[in-house]
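J.: Have a look; sequence and predicted model below, questions after that.
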Amino acid sequence: MQLNTAYRGRSAVAQTPVGLAVSLAPNLRRDRVSYTGVLRQPLRFREAMSALHDVVISDLRFKPKDKTAYEEWKKEEAAKEAHIRTEAVKLKRAELEKERGRPMPPGLERKFQRCRQRYWDARTRYSNLLSREDPELWRMLMPCDPVITVSPDVMFFECFSADESSYGCLTVERDAFEAERDVALGTTNVDYSWRLYEHFQTIRSYRETRFTIDPLGFEVQTSTDDPAYREEKIDLPQSWLRGFSSLQSAMSLPMRRVPLSREAVYSVVAFLTRNKSKRSPRAVRFELTPGRPVKLVLEPWDKEIVVHDLPYSGARNEVIRTWGRDRLRVLGRLLPLLDGVDVYLLGTGLPSFWVAKMGEMKLTLGLSGWTANDWTSGGSAIDQIVPPVAPSNDVMQAMAAAFRDSPTWTLPALATKTRGSEAAVSAGLNKLALLGQVIHDLPHGVYRWRQVMPVTLSAEVIGPENEETVAARELTRWRCKISSDKTDAKGQRQVVGTVDGRSTSEVTLDADDRIVAGKCGCSYFYTGGLRKGPCRHLQALRNKALGVGGDGGTLDNWFRRFTN
């Protein structure tokens, strides 16, 4: 998708006679959005925005280095060095012959170490300067500028990580500001850069901080001759759009809420910072028992963290395993400000959402579960949770009318307004979230209307659901039988069975329940193996082995799967 943006000036943090002024430049190609207010707790805002920045730039994917140019450079440097050494040896030998018998000057070695340290310090600063000033490199790190939404009661910032695995949303109550003016509700992109992040670090609690979404660009007739005006064209990858939409879709579903204390979060972050796992599974296991303290287990060490002061309020015993835990280190910066954390869980292997509560500010961190996702090839756990039946047009039209009346609804209130069942309305909200029209505000328990892109997204833009995954769900329900399910010496699960009456298929799952190997006689596997994602038969075997995908194909059963 080609995203066109236009900005007048750049976002900045400036020093004023009364304090600091945080001014964000909005996208002029979207509807007018503006806001001005004075932050009551600027320190919280600084730390929360810094944590959101860490989500934006996070990219833990393996990046193989292209060493072709480096090898050529090494050859040239080796030749130059050999020549220099030869000449230097000749000169030095001549000098030594002249100075034979004289001692080495005092302090020569200390002087050498001092000069060497100065060289490496200068080289490091130059490397950091390139990473800040090269716009192409920055666009590789952050495909799309953060999105900001001004609502009647809150303001929230959204971002998606460069490696397409993590989502961040900072929600700020409008009560966190005073002296509000120039308020225009809506959603827009804001200009963001490394330099702005560094300027955020200058915010202090002892001086006034005025926050502004600058409306000047909308009020002044901007022309291309204006030196402050600039346009940017960003080619958003389909996988980036699909990943953002898929996480939003998962976020719209009913989930279990597990409260954690600040001490428990500190224990998790501290242990993960000090220890690095070299083998699977790399999961956080939630052991939930009604009325008993929540127990977190960090695998593969089986490190137990018990939250004694917050018993679980759910209705039944459950063990849920989630992945993507290395991303939790971004919460480390927020620990001094935390009141607590609410974790929202869909189920084992599905996305989890960690809501860090800091008074009038909340940071939602969404973890898809994997370091790198190929959202367009299928096989993801998120593909298993979409509604089995599309909501009717009558439900969608009634929901559209309700959101025109009010931009904020709870699920029961929206079901009453539209006169539909909660299952049908939930499926409609899931579809709107997938298309970037609605966001589920987890901290406040409401659904908000917000268009994440300046144009309405469609299934063709974000990419249709993978055909193999859709077919796998149907095969799991009716035509999949497992004949063997064993765990080998390496801890990998070997599942053998027949799907759709075909010859025997085999799938190998690692400790994280990912498909790492397989064998199938279908044409899809014969031509591509696992390179394009697993075929429908291997996915059906995995679904059957994990006990997912057998919901019967009705909206009521699909909704009951999450609410129960």
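T.: Perfect, thanks for sending it.

J.: mind checking how far Asp182 is from Met49?
T.: 21 Å (Cβ to Cβ, to the nearest Å). Yep, even glycine has a C-beta here, placed from its N, CA and C like the rest.

J.: More neighbours: these two, which one.
T.: Met49 (22 against 14; other Cβ atoms under 10 Å).

J.: who touches the helix or strand containing the more buried one?
T.: Here Met49 sits within helix 42-57, counting by DSSP states H and E. Helix 42-57 has contacts (Cβ atoms under 8 Å, 6 or more residues apart in numbering) with 20, 39, 141-142, 146, 157, 159-162, 166-168, 170, 172, 176, 192, 197, 200-201, 203-205, 207-209, 211, 327, 330-331, 333-334, 337, 356, 358-361, 363, 365.

J.: Tell me the buried residues in that helix?
T.: By neighbour count with 16 or more other Cβ atoms under 10 Å, helix 42-57 contains the buried residues 42-56.

J.: mind listing the helices in the stretch 151-300 of the chain by residue range?
T.: Per DSSP state H, counting those that start in this stretch, the stretch 151-300 of the chain carries helices over the ranges 194-200, 216-219, 238-251, 262-274.

J.: Including distance to Arg30, could those go into CSV?
T.: Below are the helices of the stretch 151-300 of the chain laid out as CSV (distance: least, Cβ to Cβ, whole Å):
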stretch, distance to Arg30
helix 194-200, 19
helix 216-219, 10
helix 238-251, 17
helix 262-274, 36
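
J.: Is it possible to get a markdown table of these that adds mean neighbour count and distance to Lys295?
T.: As requested, those are exported to a markdown table (neighbours: other Cβ atoms under 10 Å; distance: least, Cβ to Cβ, whole Å):
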| stretch | mean neighbour count | distance to Lys295 |
| --- | --- | --- |
| helix 194-200 | 16 | 37 |
| helix 216-219 | 16 | 52 |
| helix 238-251 | 23 | 24 |
| helix 262-274 | 17 | 10 |
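
J.: For Val455, find the nearest of the ones you listed.
T.: Closest to Val455 of those is helix 238-251 (Cβ to Cβ; 11.7 Å).

J.: packing partners for the closest one?
T.: On a contact count with 3 or more Cβ pairs under 8 Å, 6 or more residues apart in numbering; DSSP states H and E, helix 238-251 meets strand 154-160, strand 166-173, strand 361-367, helix 422-434, strand 438-441, helix 459-462.

J.: give me that answer again for 10 Å
T.: strand 154-160, strand 166-173, strand 352-358, strand 361-367, helix 422-434, strand 438-441, helix 459-462 (3 or more Cβ pairs under 10 Å, 6 or more residues apart in numbering; DSSP states H and E).

J.: ranges for the helices of the stretch 301-450 of the chain?
T.: In the stretch 301-450 of the chain, the helices defined using DSSP H, counting those that start in this stretch lie at 393-405, 411-418, 422-434.

J.: Might you report the residue contacts of Val13?
T.: 20-24, 46, 195-203, 209 (Cβ atoms under 10 Å, 6 or more residues apart in numbering).

J.: which ones are touching the most centrally placed residue in the chain?
T.: The residue lying closest to the centre of the chain (Cα atoms, centre = their mean) is Ser166, at 1.4 Å. Residues in contact with Ser166, defined by Cβ under 10 Å, 6+ apart, are 54-56, 58-60, 159-160, 243, 247, 324, 326-327, 330, 365-368, 371.

J.: for Tyr197, same thing?
T.: Val13, Met49, Ser50, Leu52, His53, Asp54, Val56, Ile57, Arg132.

J.: Quickly list what Val258 is bridged to.
T.: Beta-bridge pairing for Val258 (DSSP bridges): Val343.

J.: Pretty sure it sits against Leu288.
T.: Yes: using Cβ atoms under 10 Å, Val258 is in contact with Leu288, at 6.8 Å.

J.: Could you check which of these two is surrounded by more residues?
T.: Val258 (23 against 19).

J.: what bits of the stretch 301-450 of the chain have low per-residue confidence?
T.: Applying pLDDT under 70 to the stretch 301-450 of the chain flags residues 370-385, 388.

J.: coming back round to it: the helices and strands packed on helix 238-251 into a markdown table, with extra columns for distance to Lys303?
T.: Compiled in a markdown table, these are given as follows (distance: least, Cβ to Cβ, whole Å):
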| stretch | distance to Lys303 |
| --- | --- |
| strand 154-160 | 30 |
| strand 166-173 | 23 |
| strand 352-358 | 18 |
| strand 361-367 | 19 |
| helix 422-434 | 35 |
| strand 438-441 | 31 |
| helix 459-462 | 39 |
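
J.: out of the ones you listed, which comes closest to Asp500?
T.: Nearest of the helices and strands packed on helix 238-251 (Cβ to Cβ): helix 459-462, 26.3 Å.

J.: Please identify which of the contacts of Tyr197 is nearest to Leu253.
T.: Nearest to Leu253 among the contacts of Tyr197, with distances taken as Cβ to Cβ, is Leu52, at 23.4 Å.

J.: wait, what's in contact with Leu170?
T.: 45, 48-49, 51-52, 55, 146, 148, 155-159, 356, 358, 361-364.

J.: tell me what the lengthiest helix in the chain is packed against?
T.: Determined from DSSP state H, the single longest helix within the chain is helix 68-98. With contacts defined as 3+ Cβ pairs under 10 Å, 6+ apart, helix 68-98 has no helix or strand neighbours.

J.: and that helix, which residues are buried?
T.: For helix 68-98, it's none, nothing buried (16+ other Cβ under 10 Å).

J.: Would you map the strands across the stretch 101-250 of the chain?
T.: For the stretch 101-250 of the chain, the strands defined by DSSP state E, counting those that start in this stretch cover 147-150, 154-160, 166-173, 177-184, 186-189, 208-213, 229-235.

J.: Of those strands, which is nearest Arg542?
T.: Nearest of the strands of the stretch 101-250 of the chain (Cβ to Cβ): strand 166-173, 24.2 Å.

J.: Paired strands for that closest one, with orientation please.
T.: Here strand 166-173 has these sheet partners by DSSP bridges: strand 154-160 (antiparallel), strand 361-367 (antiparallel).

J.: now, among the contacts of Val13, which is nearest to Asn317?
T.: Nearest to Asn317 among the contacts of Val13, with distances taken as Cβ to Cβ, is Arg46, at 41.6 Å.

J.: host element of Gln451?
T.: Going by DSSP H and E, Gln451 is not in any helix or strand.

J.: hang on, the earlier thing: from the contacts of helix 42-57, list just the buried residues.
T.: Going by neighbour count (16+ other Cβ under 10 Å), these have 20, 39, 142, 146, 157, 159-162, 166-168, 170, 172, 176, 192, 197, 200, 203, 209, 211, 327, 330-331, 334, 337, 356, 358, 360-361, 363, 365 buried.

J.: Excluding chain neighbours, give the residue nearest to Ala25 in space.
T.: Asp191 (4.2 Å; Cβ to Cβ, 6 or more residues apart in numbering).

J.: and if you look at Ser165?
T.: Nearest-residue entry for Ser165: Ser368, 4.9 Å, with adjacent residues in sequence omitted and distances by Cβ to Cβ, 6+ apart.

J.: Could you report the separation of that neighbour from Tyr192?
T.: Distance from Ser368 to Tyr192, by Cβ to Cβ: 22 Å.

J.: swap in Thr289?
T.: Taking Cβ to Cβ, one finds Thr289 at 44 Å from Tyr192.

J.: And for Pro259?
T.: Counting by Cβ to Cβ - Pro259 and Tyr192 are separated by 32 Å.

J.: ok so, going back, what about the residue nearest to Ala25, distance to Ser23?
T.: 10 Å.

J.: And for Phe271?
T.: For Phe271 relative to Ser23 (Cβ to Cβ), the value is 40 Å.

J.: Over to Gln437?
T.: As judged by Cβ to Cβ, Gln437 and Ser23 stand 29 Å apart.

J.: same check, this time on Arg116
T.: Distance, Arg116 to Ser23, by Cβ to Cβ: 43 Å.

J.: Neighbour count: these two, which is higher?
T.: Ser23 (19 against 10).

J.: If anything else comes up later, I'll come back, but that's it for now.
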